[in-house]
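1. The following block contains a protein sequence and its predicted model.
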Protein chains: 2
Amino acid sequence: MTASTPIRDPAEIYRRSFAIIQAEADLARFGADTRSVVVRMIHACGMVDLADDIVVSDGFARSARAALEAGAPVLCDAEMVRHGVIARLMPAGNDVICLLNDPQVREIAARDATTRSAAQVDLWAGLMGGAVIAIGNAPTALFRLLELIDAGASRPAAIIGIPVGFVGAAESKEALAADPRGVEFLTVRGRRGGSALASAAVNAIAGGLEGHG
Amino acid sequence: MTASTPIRDPAEIYRRSFAIIQAEADLARFGADTRSVVVRMIHACGMVDLADDIVVSDGFARSARAALEAGAPVLCDAEMVRHGVIARLMPAGNDVICLLNDPQVREIAARDATTRSAAQVDLWAGLMGGAVIAIGNAPTALFRLLELIDAGASRPAAIIGIPVGFVGAAESKEALAADPRGVEFLTVRGRRGGSALASAAVNAIAGGLEGHG
């Protein structure tokens, strides 16, 4: 195999990718079940130092996995997150839902002078109890989720809270990590995040390491 | 405005985000039209140092923009890229196409012992002339694209080649930057990349700075 012969076999690409991640990333502080989630997230972004910024509660992977096995839906803040989730991996044919384009969202956003991403979280209320939440885009969605829980909304089984960006992203994730309201959670400190990381975490929990290449 | 009052107004979030990027990122080496693409990409990943790894040909933004105005399709290697592209921004109602789930793809991938991502590129052949290509996931897709151009396929108007990961990503992007086959291109050196960056570049060219928050 020379530099001019790229590796094309999907299984071999996976094997080598995960070997590089295991060799380069500092994964020692994660439990075995969390480690597979972290590896998959690193794989999705190409940055082994992401591991250093991950904050995750001890029961996160177990709680999220149990929820999926029990048929809980996955609630996504962006269509990119929803389309990054690999439906065939879902252990109970779980619904993967994004309500950003629901006709009510624009109205709620205008009424509350907020983003559509945050407005859609109001529509999650009846679906949230025991669900897996995957926020990969909007800080305002994560802030709104925490507000709704504080106001008495049913608690999700697990929150993947990884909004990305320069305004509110770090702050919303610090708010989650500082007080997760008794909910198992995973987040990434700082500005990094995004839909690929959020869907990679869901896919890892759903039990597969396929879908890339 | 205190730390406990998150900013929710989408226009204000944009304004502050772009001001932070302008202040922190080194954009001096980019022309004005390219700069807006780079800013949008940084916005999508939360990392101002991404600018340092971007390699872009002088005519890239102009060529890609002209192609979209002329009605050219956008060919995406992943559903996440396709769903990250904001359809309403397209200047000519352009088609945004991903063929990863085309029934022929699995067959071609098995025949050629390659990834589905690379196999789908074979199906782009008739659509490629003058198109905008957006590869945000698979190194194998970018390698295959270069092979098809070398074999005489019609040249696209512009290639956004930003696969992510540990095996082949850096190499495929170096191959593009070292010899773009006369095609205008944009890439990111190294392991970083991804569907959010690829669709952010398309959205910047399509002319808008909306869709996040």
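-> Received it, and whenever you're ready, just let me know what you need.

2. ok, A:D52 - contacts?
-> Residues in contact with A:D52 (CB atoms under 8 Å, 6 or more residues apart in numbering or on different chains) are A:D26. Heads up, the C-betas are built off the backbone N, CA and C, glycines and all.

3. Shouldn't it be within a strand?
-> No - counting by DSSP: H, G, I helix; E, B strand; the rest coil, A:D52 falls outside a strand, being helix.

4. Per-residue pLDDT of it, please?
-> Looking at A:D52, its pLDDT reads 98.

5. I'd like to know how far it sits from B:L123.
-> According to CB to CB, to the nearest Å, A:D52 stands 41 Å off from B:L123.

6. Ok, A:A44 next?
-> Distance of A:A44 to B:L123, computed by CB to CB: 25 Å.

7. Of these two, which one has the most company?
-> Each of A:A44 and B:L123 has its neighbours counted (other CB atoms under 10 Å in any protein chain shown); A:A44 has more, 27 against 16.

8. who touches that one in this structure?
-> A:A196, A:L197, A:S199, A:A200, A:H212, B:V164, B:G194.

9. Let's see which of the residues you listed end up in strands.
-> Among the contacts of A:A44, no residue falls in strands (DSSP state E).

10. could you show me where the helices are in chain A, in order?
-> Taking DSSP state H to define them, one finds helices in chain A at A:10-24, A:32-45, A:50-53, A:60-69, A:79-84, A:103-112, A:116-123, A:139-150, A:169-178, A:195-206.

11. ranking those helices by burial, who's on top?
-> helix A:195-206 (a mean of 29; mean count of other CB atoms under 10 Å in any protein chain shown).

12. report the angle between the axes of that one and helix A:60-69?
-> Using axes from the mean of the first three to the mean of the last three CA atoms, to 10 degrees, the direction of helix A:195-206 lies 70 degrees away from that of helix A:60-69.

13. Point out where chain A drops to low pLDDT.
-> Within chain A, the segments meeting pLDDT under 70 span A:1-4, A:208-213.

14. again, only this time at 80
-> Filtered on pLDDT under 80, chain A yields the residue ranges A:1-5, A:208-213.

15. shouldn't A:A158 be in contact with A:I135?
-> No - counting by CB atoms under 8 Å, A:A158 does not reach A:I135; the two are 11.6 Å apart.

16. For burial, what's the neighbour tally of the nearest residue to A:G194 once chain neighbours are set aside?
-> Among residues not flanking A:G194 along the chain, A:V164 sits closest, at 4.3 Å (CB to CB, 6 or more residues apart in numbering or on different chains). Neighbours of A:V164 under the rule other CB under 10 Å: 29.

17. Quick check: the gap between A:V164 and A:W124.
-> A:V164 is 20 Å from A:W124, where distance means CB to CB.

18. swap in A:G193?
-> Distance check for A:G193 against A:W124: by CB to CB, it reads 19 Å.

19. between those two, who's got more neighbours?
-> Ranked by neighbour count (other CB under 10 Å), A:G193 and A:W124 place A:G193 first, with 32 against 22.
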